[in-house]
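S.K.: structure of the sequence below:
(one chain, ligands or ions: 1)
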Amino acid sequence: MAGLTRRRLIAGGVPLIGAGAALTHATVPHSHPWDGQARAAGGAHAGHGTGMGSGHAHFRDGRTVDHRANGFDPHAIVRDFDWGTTRRLASGRVLREWELYALDKEIEVAPGVRFAAWTYNGRIPGPTLRAREGERLRITFANGSAHPHTIHFHGIHPAEMDGVPGVGAGEIAPRETTVYEFDALPAGLHLYHCHVRPLAEHIAKGLYGAFIVDPADGREDADEMVMVMNGFDTNFDRANELYAANTIPFAYLNRPIAARRDELVRVYLVNVLEYDLVNSFHLHGNLFEYFPTGTGRRPSELTDTVMLCQGQRGILEWRFPYPGRYMFHAHQSEFTELGWQGFFEVG
Ligand SMILES: [Cu+2]
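M.R.: Prediction:
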């Protein structure tokens with residue numbers, strides 16, 4: 001039964017495996033199979049009761065989630081870079097500061113599917129933090145969640161700033177605050193996420209975001225986007241029912257991302273997907289230059305598909321020579337069909 005679960009959820013809206021679709025009505029009970037699990041899981045999972053009625057998700061037919069109620073929209077997130085606030089230290093160096101908070105929040109991750117998420121600043125992914133190489137960074141973290149959390153940054157920093165249990169400030173208890181401070185090094189594309197155990201749950205519930213350190217001399221002007229590849233285990237069987245870039249399945253399929261012909265496109269691509277060993281990004285009608293971790297200035301490859309394990313990330317650059325609608329998606333067909341696909345609309 002567990003093996004069928006993730007397929008059952010999309011049976012209404014996505015034409016995929018013929019046999020799977022035929023099995024659906026025979027195997028889907030009229031009560032939601034995750035109701036009992038949600039109750040069994042206790043308070044931490046309260047609010048999971050509403051499911052996708054009888055497996056008829058239809059989230060490929062144009063229906064979408066209530067972005068306003070969620071408090072964030074993948075179409076905004078894709079080009080939303082949070083530069084924080086800055087001031088100059090006596091040394092002349094720039095101090096860049098952000099305030100992050102953890103918040104337990106119910107998110108509509110697909111039409112009618114509410115997920116009891118743990119968020120940074122009420123959104124998934126958390127803010128895309130952006131700084132310049134060599135700056136001093138200060139992140140004040142307040143835990144407004146009912147659970148202990150941390151922020152673990154990728155990058156170069158002292159052990160006590162690493163945001164792991166038992167080192168430095170360690171776990172930050174509910175209603176407590178801490179400050180992470182370190183230098184913006186090295187230039188590249190990094191990420192941050194909670195590091196409290198059980199780690200898979202703390203990440204999969206939504207506590208992660210992209211962290212970009214621009215080279216001191218900058219990068220070429222481009223139409224920049226961030227895509228955090230993620231997924232959601234909506235029935236707590238440690239397998240994802242939904243996949244996406246920037247949280248909401250099919251968001252960029254229903255409403256393509258606008259791009260301009262001949263303009264340089266730069267995508268900051270991060271994989272935080274839990275429970276699956278790898279994830280991938282595939283671009284149609286084009287090839288992109290790939291800069292692993294964004295740390296080098298020379299691309300490792302000209303390709304149309306890149307595969308990433310959890311925590312891996314890279315920068316993609318390309319130009320569209322022709323107008324039209326170009327797909328991008330995970331090149332694991334199952335992920336594609338469960339939400340991780342979209343279009344660029346090139347004008
Ligand atoms: Cu956590």
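
S.K.: mind listing the residues bridging to M327?
M.R.: Beta bridges link M327 to F343 when assigned by DSSP bridges.

S.K.: wait, it touches G342, no?
M.R.: Yes. Counting by CB atoms under 8 Å, G342 is a contact partner of M327 at 7.2 Å. Any C-beta I mention is one placed from the backbone N, CA and C, and that applies to glycine too.

S.K.: ok, now how distant is the nearest residue to T64 once chain neighbours are set aside from the ion?
M.R.: The shortest distance from T64 to any non-neighbouring residue, by CB to CB, 6 or more residues apart in numbering, is to N254 (5.7 Å). N254 sits 31 Å away from the ion, going by CB to the ion, to the nearest Å.

S.K.: burial of N254, as a residue count?
M.R.: Number of residues near N254 (other CB atoms under 10 Å) recorded here: 16.

S.K.: equivalent analysis for G206, please.
M.R.: Count around G206 with other CB under 10 Å applied: 29.

S.K.: who in the stretch 201-347 of the chain is up against the ion?
M.R.: H202, L207 (CB under 5 Å from the ion).

S.K.: mind listing the helices for the stretch 201-347 of the chain?
M.R.: 251-254, 333-337 (DSSP state H, counting those that start in this stretch).

S.K.: return the most buried member of the ones you listed.
M.R.: Most buried of the helices of the stretch 201-347 of the chain, by mean neighbour count (mean count of other CB atoms under 10 Å): helix 251-254, with a mean of 21.

S.K.: picking up where we left off before, turn the helices of the stretch 201-347 of the chain into CSV, columns for mean pLDDT.
M.R.: Below are the helices of the stretch 201-347 of the chain laid out as CSV (pLDDT from 0 to 100):
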stretch, mean pLDDT
helix 251-254, 95
helix 333-337, 96
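
S.K.: make TSV from those and add distance to F81 to it.
M.R.: Shown next, in TSV, are the helices of the stretch 201-347 of the chain (distance: least, CB to CB, whole Å):
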stretch	distance to F81
helix 251-254	18
helix 333-337	26
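
S.K.: select the helix or strand of this protein having the lowest average pLDDT value.
M.R.: In the chain, no helix or strand scores lower on mean pLDDT, DSSP states H and E than helix 18-27, which sits at a mean of 31.

S.K.: was I right to think G144 contacts K105?
M.R.: No. Under the criterion of CB under 8 Å, G144 makes no contact with K105, lying 9.7 Å away.

S.K.: tell me the contacts of D276?
M.R.: G231, A239, N240, Q332, F335 (CB atoms under 8 Å, 6 or more residues apart in numbering).

S.K.: any idea of the mean pLDDT for stretch 141-155?
M.R.: Rounded to a whole number, the mean pLDDT of stretch 141-155 is 98.

S.K.: near R63, how many other residues are there?
M.R.: There are 14 residues near R63, going by other CB under 10 Å.

S.K.: quick check, it in a helix?
M.R.: No. The assignment for R63 by DSSP: H, G, I helix; E, B strand; the rest coil gives coil, which leaves it out of any helix.

S.K.: measure it to the ion for me?
M.R.: 31 Å.

S.K.: residue contacts, that residue?
M.R.: Shown in contact with R63 (CB under 8 Å, 6+ apart): P111.

S.K.: show the pLDDT at it.
M.R.: Here the pLDDT value assigned to R63 is 77.

S.K.: and for P125?
M.R.: Looking at P125, the pLDDT reads 98.

S.K.: and it, how far is that from the ion?
M.R.: 14 Å.

S.K.: gap between the residue lying closest to that residue once chain neighbours are set aside and V179?
M.R.: Among residues not flanking P125 along the chain, V228 sits closest, at 4.0 Å (CB to CB, 6+ apart). Counting by CB to CB, to the nearest Å, the separation of V228 from V179 is 24 Å.

S.K.: so for the two, which sits in the more crowded spot?
M.R.: Neighbours were counted for V228 and for V179 using other CB under 10 Å; V228 has more, 26 against 11.

S.K.: so what sits opposite the more buried one in the bridge?
M.R.: Beta-bridge partners, per DSSP bridges, of V228: V270.

S.K.: and it, how far from D104?
M.R.: To D104, V228 is 20 Å away according to CB to CB.

S.K.: skip the chain neighbours and tell me the closest residue to I77.
M.R.: Closest residue to I77 apart from its sequence neighbours, by CB to CB, 6+ apart: N246 at 4.9 Å.

S.K.: list the contacts for the spatially most central residue of the chain?
M.R.: Compute the mean C-alpha point of the chain, and by CA atoms, centre = their mean the closest residue is V228, 3.5 Å away. V228 sits next to P125, L191, Y208, G209, A210, A245, N246, T247, V270, N271, V272 when contact means CB under 8 Å, 6+ apart.

S.K.: distance of the third one from Y322?
M.R.: It stands for Y208. Counting by CB to CB, the gap from Y208 to Y322 is 35 Å.

S.K.: between those two, which one's more packed in?
M.R.: It is Y208, of Y208 and Y322, that has more neighbours when counted by other CB under 10 Å, with 27 against 10.

S.K.: which residues touch the helix or strand containing T140?
M.R.: Secondary structure from DSSP states H and E places T140 in strand 136-143. With contact meaning CB under 8 Å, 6+ apart, strand 136-143 is reached by 89, 93-102, 129, 131, 149-151, 153, 172-184.

S.K.: so the residue nearest to T64 makes contact with D73?
M.R.: No. N254 lies out of contact with D73 (CB under 8 Å); the separation is 12.0 Å.
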